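S.K.: sequence plus predicted model, see below.
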Amino acid sequence: MNHDLGRLPAIFKRYPKSPESLIAVLQDIQKEYQFLPSEALAETARVLEVPLSKVFSVSTFYNAFSLHPKGEKVIRICVGTTCHIRGAKQIQEQLESQLKIKAGETTPDLKFSIETVSCVGACAKAPVVIVNEKYHGPVKVSDYKKLVKGK
Amino acid sequence: MRLSSTGQLTQLRTKCQAAAKKHKKKVLVCCGPGCLAAGAQKIADRFRTVLKQKRIAGFSVQALKETGCHGFCEQGPLVVIEPGGTFYTKVKTRDVEEIIDRSVRKDEVVQRLLYKDPRSGKSIRDWAKIDFYAHQNRIALQKLGQIAQCDIEDYIAGGGYAALAKALTKMTGDRIIDEVTTSGLRGRGGAGFAAGRKWRTCKDVQSDTRYVICNGDEGDPGAFMDRAIMEGDPHSVLEGMIIAAFAVGSSEGYIYVREEYPLAVVNLQKAIEQAEALGLLGNDILGTGFSFSIKISRGAGAFVCGESSALMKSVAGQVGEPRAKYIRSVIKGLHDRPTVLNNVETFANVPVIIDRGADWFAKIGAKNNSGTKAFSLVGKVRNTGLIEVAMGTTLRKIIFDIGGGIIGDRPFKAVQTGGPSGGCLPQSQLDLPVDFDSLTKAGSMMGSGGMIVMDDKTCMVDVAKYFLGFLVEESCGKCVPCREGLYQLHRLTIKVSEGRATEEDLSTIEKLSEMVIIGSLCGLGKSGPNPVLSTMKYFKDEYLAHIRDKRCPAGVCRELITYEITPDCTGCMACIAVCATHAITGKKGKVHTLDQAKCTKCGACYAVCQHDAVLVS
């Protein structure tokens, strides 16, 4: 897949050209493209003078990075301890069965992604689901429609 | 304006205090993690709009403050009217106009929005008199919820940066370290290492460069104290870090914030810019010649990066793999230079200690455990929220007096502290004083301060399985005992939860746990077996019920339970709508039936049923 790499120079400009900037640069690329296109990884390796293997290693070590495109709407289900004991798993399964994808996957039409996250620090409102940036909680199993259709 | 002396800081404080006094009232809208999840931003926006429309004598929109976490998340969104502390709970946007008309313009109270004490049934106006708050003792959280989130003037008006001024002009680095040592402050991140000793070691190492790092990688699931402080009172963290930097002789610092806390990054960045603009951070701080800069380093989603050596690798742009403990990061830390690493809450305590003195601080709390500790009190407890209590307060007091007991008056079963490194403590331990040493002795640990309360509907085998599953995902994979050992422990707990285990498996769990504890490289692995060991220690019966009777007493483990629909069913069809496998059938108004062959035991029907017509057995 070809991606517009034109947005990369602006990202590189924000940080010193050193291996130390690797995570910050990848985070910005992830934010800009919603994932890390392989061409962008190669370009990052070249610009920061880090071996491509190292770039790949960092991209796959941290949970924040994805090597695959994500959906327009990213549904993140908090599965922290509090959410777990308050029924996060049921909510996860409900969403998975409604959208016919598993956590970590994206629908073929690139509309939805489901992800799990280990605690977002909103435990007092457990169980919590975050749709794009918006927090919902406490979420009930029957709220799936609202989460999928709502803005 | 840049402040070039401590005198100018005092002048600014007087000015800010005078400006605040012009307003007869203050409206505080809590925008902490819990209230935001409940829609607090809309409430704050509505207040702003309405207050702009209605011109009220002696009140301007500046007196509307979006604050950090006020604490009582369960009752959010919260709105407080000062002076007097009128405390409005579960506020909706449609209540805003009434609050303004009656409590801002006049001195009346909107009775229906007050907190009602569940025991006496009486409404309480002043938040400080509510049980949830009355038993607390706030030091690290003292400004949280009282000042606007990103407002350095509010912070200064409340006495902020006075400790820094004192440290820079009236104390030497050694004197500061002595003060912190005398205070007995122990690191609030988990292990409880003495902060003063850490600072002393760092200072004594010969080096051209030293670093001060704030660990904001609050990874323990179920903990959000540090998130609340970073978002709601970022200046207290900065002030603590600058004092530490001056004490040990460092000119460069980092705050490592976990990826899941984007708002903390935004607010800390704003705070850094505000402090730099006033000359409280950067070059020649307050004209004293001392310079210190702080950069934010964003984590990228890895639990192991809360471990000091892994965190420093991550700050340097690398994969966060810990290294062996015999090389201490305080001697050889970031870029192999001596580094002081403390967590958010530890730094937030420092300005108060410098301001009020070590002796004052040392008197609070318990022996060898001075001061207070912040906790996120969550789970099946009635009053969930952010609390801070003196060290040595008993679990009973926290859970029952502050927390108001268990939701629905169900029986208390356990409380989990210390995250994946901690353990579950049963009823018999309720009178345990909460401090670093007592918790460790009881088989759990302090951790960063998550306190998750569990009732009889929580299965201890499931909890152990949950934490091991979490650690299997988060293990960096560098050392074998952690990577493989935790994986096998996880498999064994799955076996128990599915009723396939034998009693021999329990002794295998014990032996394997011992190996993981001895053999792992870092704290994540070393403490990884704690949740399974502590639940086996205190809830052996429950493990045996799974093994001998093939029964899950809490009704959680799927392989051992069945769902049934009882004749109480009203035929509302709510369960049919959520049943993913179409196992439930029936007509509106008629009792539904559940086909066991199709049922995956997901529990969705049980969760949605409003009529207690779904039975777990």
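M.R.: Cool, the structure landed.
S.K.: tell me how many other residues crowd the spatially closest residue to residue B:440 that is not a sequence neighbour.
M.R.: Leaving out its chain neighbours, the residue that sits closest to residue B:440 by CB to CB, 6 or more residues apart in numbering or on different chains is residue B:446, at 7.6 Å. Bear in mind the C-beta positions are built from the backbone N, C-alpha and C, glycine included. Neighbours of residue B:446 under the rule other CB atoms under 10 Å in any protein chain shown: 30.
S.K.: who are the neighbours in contact with residue B:446?
M.R.: B:190, B:192, B:373, B:417, B:418, B:422, B:434, B:435, B:436, B:439, B:440 (CB atoms under 8 Å, 6 or more residues apart in numbering or on different chains).
S.K.: looking at the residues you listed, which one is closest to residue B:559?
M.R.: Nearest to residue B:559 among the contacts of residue B:446 is residue B:422, at 27.0 Å by CB to CB.
S.K.: quick one, phi psi at the most far-flung residue of chain A relative to its centre?
M.R.: Most distant residue from the mean C-alpha position of chain A: residue A:49, 26.1 Å away (CA atoms, centre = their mean). The phi and psi torsions at residue A:49 (degrees, to the nearest 10) take the values phi 60, psi 50.
S.K.: need the contact list for it.
M.R.: Contacts for residue A:49 (CB under 8 Å, 6+ apart) come out as A:17, A:19.
S.K.: confidence score at it?
M.R.: pLDDT recorded at residue A:49 is 95.
S.K.: again with residue A:3
M.R.: We have a pLDDT of 68 for residue A:3.
S.K.: could you report the distance from the residue nearest to residue B:440 to residue A:61?
M.R.: Distance, residue B:446 to residue A:61, using CB to CB, to the nearest Å: 28 Å.
S.K.: what distance do you get for residue B:25 to residue B:595?
M.R.: Distance from residue B:25 to residue B:595, counting by CB to CB: 61 Å.
S.K.: check which helix or strand covers residue A:56.
M.R.: helix A:52-61 (DSSP states H and E).
S.K.: need the phi and psi values for residue A:95.
M.R.: Per degrees, to the nearest 10, the backbone of residue A:95 is at phi -70, psi -40.
S.K.: tell me the contacts of it?
M.R.: Residue A:95 is in contact with A:75, A:77, A:114, A:129, A:144, A:147, A:148, counting by CB under 8 Å, 6+ apart.
S.K.: can you list the domains in chain A?
M.R.: Using automatic domain parsing, the domain parsing of chain A gives A:5-61, A:73-149.
S.K.: ok, and which of the ones you listed has the densest surroundings?
M.R.: Mean neighbour count, computed with mean count of other CB atoms under 10 Å in any protein chain shown, is highest for domain A:73-149 among the domains of chain A, reaching a mean of 21.
S.K.: coming back round to it: helices - which of the contacts of residue A:95 land there?
M.R.: A:144, A:147, A:148 (DSSP state H).
S.K.: hmm, the first one is touching residue A:94, no?
M.R.: Yes - the pair residue A:144 / residue A:94 is scored as a contact, 5.0 Å apart, by CB atoms under 8 Å.
S.K.: which residues do the two both contact?
M.R.: Taking CB under 8 Å, 6+ apart as the criterion, residue A:144 and residue A:94 both touch residue B:578.
S.K.: for the residue nearest the centre of chain A, give me its contacts.
M.R.: Nearest to the geometric centre of chain A sits residue A:64, at 5.6 Å (CA atoms, centre = their mean). Residue A:64 makes contact with A:27, A:30, B:259, B:299, B:300, B:301, according to CB under 8 Å, 6+ apart.
S.K.: now the phi/psi pair for the third one, please.
M.R.: By that I understand residue B:259. Per-residue torsions, residue B:259: phi -60, psi -30 (degrees, to the nearest 10).
S.K.: still on that earlier bit, which one of the ones in helices among the contacts of residue A:95 sits closest to residue B:497?
M.R.: Nearest to residue B:497 among the ones in helices among the contacts of residue A:95, counting by CB to CB, is residue A:144 at 25.8 Å.
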